[in-house]
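Enquirer: okay, sequence plus prediction incoming.
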Amino acid sequence: MNRNLTEINWPNGQSSLSKIGEDWLKEAFKVGIEIPTGCLNGSCGACEIEVNGKTVRACISSIPNSTSHKLKVEFSYDPYW
């Protein structure tokens, strides 16, 4: 596999290959997932997703490098939001 690409397993069961450093919101849209957004500057938390078990704010984060070149994305759940 190209070292600049990462396989992403999305919550809707689809997988995609994405370049490291690409925007989460755009990459999710390509596979039919709309990540909710609010402020678009990372302060509200509406865009939180879990990437390999770590909470990430998608509006201000990019696809990270992974030693396995595989990422599993889940929707974050906040019972207070």
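Expert: Yes, it's here.

Enquirer: quick one, phi psi at the residue most central in space within the chain?
Expert: In the chain, the centroid-proximal residue (Cα atoms, centre = their mean) is Trp24; its distance is 4.7 Å. When quoted as degrees, to the nearest 10, the phi and psi of Trp24 stand at phi -60, psi -40.

Enquirer: spit out the contact partners of it.
Expert: For Trp24, the contact set (Cβ atoms under 8 Å, 6 or more residues apart in numbering) comprises 35, 47, 49, 56, 58-59, 61-63. In this view, the C-beta of every residue, glycine as well, is placed from N, C-alpha and C.

Enquirer: list only buried entries from these.
Expert: Buried members of the contacts of Trp24, counted by 16 or more other Cβ atoms under 10 Å: 35, 47, 49, 56, 58-59, 61, 63.

Enquirer: in strands, which of these appear?
Expert: If you go by DSSP state E, the buried ones among the contacts of Trp24 have 49, 56 in strands.

Enquirer: pLDDT and distance to His69 added to the buried ones among the contacts of Trp24, as a markdown table?
Expert: A markdown table is the format used below for the buried ones among the contacts of Trp24 (pLDDT from 0 to 100; distance: Cβ to Cβ, whole Å):
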| residue | pLDDT | distance to His69 |
| --- | --- | --- |
| Ile35 | 94 | 22 |
| Cys47 | 94 | 24 |
| Ile49 | 96 | 18 |
| Val56 | 95 | 17 |
| Ala58 | 97 | 20 |
| Cys59 | 96 | 24 |
| Ser61 | 96 | 18 |
| Ile63 | 97 | 11 |
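
Enquirer: right, I'll call it a day here.
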